[in-house]
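Peer 1: turn this into a model:
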Amino acid sequence: MKINKLTWLVLFIMLILSSCSEEREMPAINVTSFLVGGSSPELVNDIYQDVPLDQPLTFRFSGALDQASIQGGIVFRKINDGGNEDVDFSQSLIAQNRELVIFSQGLLESNSRYQITFNSFRGAEGEQVTSYELNFSTAGAGLEVVSVEVVEGNPVHSNRILNTPLNLVGRITFTSSIDQNQNFASKIGVTGPTNVSLTFSILEDGKLEFRSNSPLRDFSKYILTIETGILGPDGETKEKQTRDLFTMPSEQDKFPRIPTEELLTKVQQQTFRYFWDFAHPASGMTRERNTSGNLVTVGGSGFGVMTIIVGIERGFISREQGVERWRKIVDFLETADRFHGAWSHWIDGNTGKMLPFSQFDNGGDLVETALMVQGLLTVRQYLNEQSPEEKIIIDKITKLWEEVEWSWYTRGNQNVLYWHWSPEHEWAINLQISGYNESLIVYVLAAASPTYPIDKIVYDNGWARNGGMRNGNSFYNIPLPLGVNYGGSLFFSHYSFLGLDPRNMVDQYANYWTQGVNHTLINRMHAITNPLGYAGYERYSWGLTASDNHEGYSAHSPTNDKGVITPTAALSSMPYTPEESIEALEFFYYQLGDRLWGDYGFYDAFNLTENWFANSYLAIDQGPIILMIENHRTALLWDLFMKDEEVKVGLDKLNFNY
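Peer 2: Predicted coordinates for the structure are as follows:
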C-alpha cells in the first residue's frame with residue numbers, strides 16, 4: 001500500500017506526541033525497605049519474622065510523600081482465625097517525607113500475625129504511590145523486654161528517652177515474671193559523664209524498677225544497657241537492649257541571675273570582644289573564626305564595623321578608639337584586592353591579597369561585598385563631618401562605595417546579579433543571586449549605587465524571579481510569605497536586616513516584618529514539635545541556622561535538621577520575637593552557660609543528641625547577636641542605615657514602602 005506524504009506527516013506527529021506523553025509521565029513511588037527499631041527483620045515466605053512487640057515500624061519510600069494523603073490511607077490489622085482486628089496506631093513522616101514511621105498504641109501481642117496495607121497515597125509532586133501490603137509475625141515465647149520507661153521521661157520514636165529526670169527512676173517490663181534472686185547490677189547499668197550506681201526492686205505488677213543512687217548530670221547523654229541472661233520462668237533474655245537517656249536541665253542556675261537589661265548588655269559586651277580584642281592586628285578586620293590566623297572575612301568584617309558603633313554607644317570603648325579602628329580598616333580595604341570594585345570572600349589580613357574560598361571562588365564576591373558596604377554606610381551615617389579625623393573616614397567610605405561595579409555583575413546586562421567573578425575562572429561558578437535568601441541587601445545597594453546602579457527589572461527578574469520567590473503556604477499553621485518551605489536557615493532574616501529596617505518595609509512581593517516574624521516562629525515551632533526526636537529541643541531551646549556541627553558545617557533548617565541548635569539563630573531574632581528570644585537567651589546563659597559561654601560570648605552551636613558542644617566562634621554568627629540585640633533595644637543600626645539618602649534612592653527605585 002502506498003502511503004502519501006500527508007499520512008506520513010500525521011503518523012510522525014502522533015509518534016512525537018506519544019513520546020512526549022511518555023516523557024511527562026512521572027515514575028511511581030514504591031516502598032524500598034521495612035525496618036523495625038533500625039534493622040530489617042528476617043523475611044520468610046513473604047512474612048517478616050519475630051518482630052519485637054514495642055518497636056516503631058519504619059517504611060522507606062523511593063520518593064517524598066504528600067502528608068495529607070497518608071491520613072486514612074493506612075490499615076493496620078491483627079490477623080485472627082475468627083476475623084481481623086484493627087490496631088490503634090499513630091504515624092509520622094520524617095527524612096524529608098521519605099520515611100513513614102508507624103507506632104502501635106500499646107504492645108503488640110506475642111506469637112501473632114499482623115498486616116499493614118497502604119492505599120491512596122500520593123507523592124509530594126502528585127506522583128502515584130504503588131499500593132503495598134506487608135505481613136509480619138511477632139516474637140514468640142521466651143523472656144523478652146517488652147518496654148523500658150523512665151518516670152516523667154519522654155520516649156520518642158527511636159530508642160531515645162528525652163527529659164530524663166536527674167533523679168533517675170525507671171521500670172522494665174518483661175513478657176513474664178522474672179526471678180528475684182539474681183544479680184541485676186551485673187546485667188543492667190547506666191553509663192555516661194558521671195558514675196551511676198543503681199538500686200533494683202521488683203514491683204507488685206512484676207516490673208523491675210531501677211533508681212540512681214545519686215543525681216545524673218543535667219543536659220547530658222547516658223546509655224541504659226540491659227544485657228542478655230536475665231532469668232525468668234520462661235527462660236532468659238537473648239537480646240541485648242539499649243536506650244539513650246537525655247537528662248533535663250537542672251533547677252540550679254550556672255550563673256547568678258541579673259536583670260534582663262544587664263544580661264543583654266553582658267552578652268553584647270562579651271561578644272563584642274571577638275570583633276575588638278580578636279581583630280586582626282595589622283588590618284583591624286575580623287577573622288573568619290577563632291582559628292583563622294591571618295585569614296579575615298569581608299562579610300564578617302562588615303558586621304564588625306557596625307559592632308564598633310554599639311561598642312561606643314554602650315561604653316565598651318571610647319569614640320576615639322572606634323575612630324582609630326575604623327581608619328585602620330578602611331585604609332586596609334583601599335589597598336586590598338578588588339575585582340570590579342568587589343572584594344573577595346576571604347583576604348590575607350597582612351597583605352590584602354585575595355585568599356580562595358573554593359576552587360573557582362578566587363575573585364569578587366558580591367554578597368560579601370554588600371555585607372561590608374552595609375556596615376560601611378552605617379558607619380558613614382554615624383560619623384561627624386565636622387570632625388577632621390572622622391571626615392577623612394567618611395570620604396574614604398564614599399570612595400569605596402562608589403567604586404563597587406554592581407551593574408557589571410549582571411554579566412553582560414542580564415536582568416540578574418551574579419554572586420562571583422574571578423579573573424582566572426570568570427563566571428565559572430555561575431551562581432545567580434536569586435531570592436529568597438540572605439541577599440536582599442545586595443539588590444538594594446545595587447539599586448542605590450550613585451555610580452554603577454541596576455534597574456528595577458534586575459530586581460524583579462533576578463531577585464524576585466517575577467514573583468517566583470513567593471511561598472504563600474502555612475507551616476505549623478503559620479503563613480510564610482517568601483522563600484523555601486519552612487523558611488530555610490534563620491540567617492536569611494538577619495544578614496540583610498542588620499541595616500535594613502523591616503518594621504514598615506513592604507513591596508509588591510511581601511511585608512518584610514511579617515516575613516521575619518513568621519520565619520522565626522516557624523523555626524521555633526519546628527523545635528517544639530521536634531519531629532525527629534532530637535534532644536535539647538524545647539520552647540526555650542531552639543534556633544536552626546548555618547553553623548558548625550558535630551560533623552563539620554551546614555546550613556541547618558527544618559528541612560536540613562541535624563539536631564544542632566545555634567544560639568545566634570534565636571538571639572539574632574530578638575527584634576522579631578523578643579519574648580521567645582529572651583527566654584532562649586536566659587536558658588542558654590543560666591542553664592547551659594557552663595558549657596556554652598566563653599571568652600567571646602556563646603560558642604557557635606551544640607547538639608545534645610550527639611553530646612557535642614562547639615568550642616568555635618564564627619564572625620558571621622557572633623556579629624548578628626550584637627547588632628540585632630541592639631536593634632531590639634534601640635533600633636540604632638536601623639535608624640542610621642535608613643537615614644542614608646542614597647539607600648533611600650535604592651529603596652524608592654525598587655518601589656519599597658518603608
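
Peer 1: ok, now which ones touch the closest residue to A370 other than its chain neighbours?
Peer 2: Spatial nearest neighbour of A370, excluding adjacent residues (Cβ to Cβ, 6 or more residues apart in numbering): V442 at 4.2 Å. C-beta here means a position set from N, CA and C on the backbone, and glycine is covered the same way. When contacts are counted by Cβ atoms under 8 Å, 6 or more residues apart in numbering, V442 is found next to 366-367, 370, 417, 433, 463.

Peer 1: if we take the residues you listed, which one ends up nearest to F606?
Peer 2: When the contacts of V442 are compared for distance to F606 (Cβ to Cβ), V367 wins out at 27.5 Å.

Peer 1: the closest one: what's it in contact with?
Peer 2: For V367, the set of contacting residues under the criterion of Cβ under 8 Å, 6+ apart consists of 299, 419, 433, 438-439, 442.

Peer 1: now do the phi/psi pair for the closest residue to T566 other than its chain neighbours.
Peer 2: Counting by Cβ to Cβ, 6+ apart, the nearest residue to T566 once its immediate chain neighbours are dropped is S547, at 3.9 Å. In this entry, S547 is assigned phi and psi values of phi -170, psi 180 (degrees, to the nearest 10).

Peer 1: beta-bridge partners for S547, please?
Peer 2: S554 (DSSP bridges).

Peer 1: thought it was touching H556?
Peer 2: Yes. Between S547 and H556 a contact is recorded at 6.5 Å, counting by Cβ atoms under 8 Å.

Peer 1: overlap in contacts, these two.
Peer 2: Residues within reach of S547 and of H556 at once, by Cβ under 8 Å, 6+ apart, are 564, 566.

Peer 1: one step back: so which of the contacts of V442 sit within strands?
Peer 2: If you go by DSSP state E, those have nothing in strands.

Peer 1: and those residues as TSV, adding distance to N294 and pLDDT?
Peer 2: As requested, those are exported to TSV (distance: Cβ to Cβ, whole Å; pLDDT from 0 to 100):
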residue	distance to N294	pLDDT
L366	24	98
V367	23	98
A370	24	98
L417	30	98
I433	29	98
W463	34	98
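
Peer 1: distance between the ends of stretch 51-66?
Peer 2: With Cα to Cα, to the nearest Å applied, stretch 51-66 spans 28 Å between its terminal residues.

Peer 1: tell me the mean pLDDT for it?
Peer 2: Predicted confidence along stretch 51-66 averages 91 (mean pLDDT).

Peer 1: ok, stretch 101-110 next?
Peer 2: Along stretch 101-110, the predicted local confidence has a mean pLDDT of 86.

Peer 1: rewinding a little: neighbour-wise, which of the contacts of V367 leads?
Peer 2: V442 (28 neighbours; other Cβ atoms under 10 Å).

Peer 1: in a helix, that one, correct?
Peer 2: Yes. V442: assigned to a helix according to DSSP: H, G, I helix; E, B strand; the rest coil.

Peer 1: list the contacts of stretch 208-218.
Peer 2: For stretch 208-218, contacts defined as Cβ under 8 Å, 6+ apart pick out 164, 166-172, 174, 178, 184, 188, 190, 192-194, 196-203, 222, 245, 247-250, 591.

Peer 1: so N111 makes contact with T175?
Peer 2: No. Applying Cβ under 8 Å as the test, N111 and T175 come out as separate, 10.4 Å apart.

Peer 1: which one of those two has more residues nearby?
Peer 2: T175 (20 against 10).

Peer 1: got phi/psi on the closest residue to that one other than its chain neighbours?
Peer 2: With Cβ to Cβ, 6+ apart as the measure, E144 is the residue that lies nearest to T175, at 4.7 Å, once sequence neighbours are left out. Dihedral angles of E144 (phi, psi; degrees, to the nearest 10) stand at phi -140, psi 160.

Peer 1: dump the contacts of V367 to JSON lines, plus distance to A584.
Peer 2: As requested, the contacts of V367 are arranged in JSON lines below (distance: Cβ to Cβ, whole Å):
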{"residue": "G299", "distance to A584": "24"}
{"residue": "W419", "distance to A584": "32"}
{"residue": "I433", "distance to A584": "31"}
{"residue": "E438", "distance to A584": "21"}
{"residue": "S439", "distance to A584": "26"}
{"residue": "V442", "distance to A584": "29"}
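
Peer 1: and the two most separated of those?
Peer 2: Spanning the widest gap among the contacts of V367 are G299 and I433, at 13.6 Å by Cβ to Cβ.

Peer 1: before we move on, back to that, from L162, how far out is the residue nearest to T566?
Peer 2: Going from S547 to L162 by Cβ to Cβ, to the nearest Å gives 22 Å.

Peer 1: what's the answer for T351, then?
Peer 2: 51 Å.

Peer 1: what does T225 give?
Peer 2: Noted for T225: a distance of 18 Å to L162, by Cβ to Cβ.

Peer 1: of the two, which one has the most company?
Peer 2: Counting neighbours by other Cβ under 10 Å for T225 and for L162 shows that L162 has the greater number, 23 against 13.

Peer 1: and that one, what element?
Peer 2: strand 160-164 (DSSP states H and E).

Peer 1: next, count neighbours for the closest residue to G37 other than its chain neighbours.
Peer 2: Leaving aside its chain neighbours, G37 sits nearest to Q55 (3.5 Å; criterion: Cβ to Cβ, 6+ apart). In terms of burial, Q55 registers 19 neighbours under the definition other Cβ under 10 Å.

Peer 1: quick check: the gap between Q55 and S104.
Peer 2: Taking Cβ to Cβ as the measure, Q55 and S104 are separated by 9 Å.

Peer 1: any idea which of the contacts of V367 is closest to D599?
Peer 2: Comparing the contacts of V367 against D599 with Cβ to Cβ places G299 closest, at 22.5 Å.

Peer 1: would you double-check that the closest one falls in a strand?
Peer 2: No. Assessed with three-state DSSP, G299 is helix; it does not lie in a strand.

Peer 1: how far away is it from L618?
Peer 2: 11 Å.

Peer 1: leaving out chain neighbours, which residue sits closest to G206?
Peer 2: S177 (5.0 Å).
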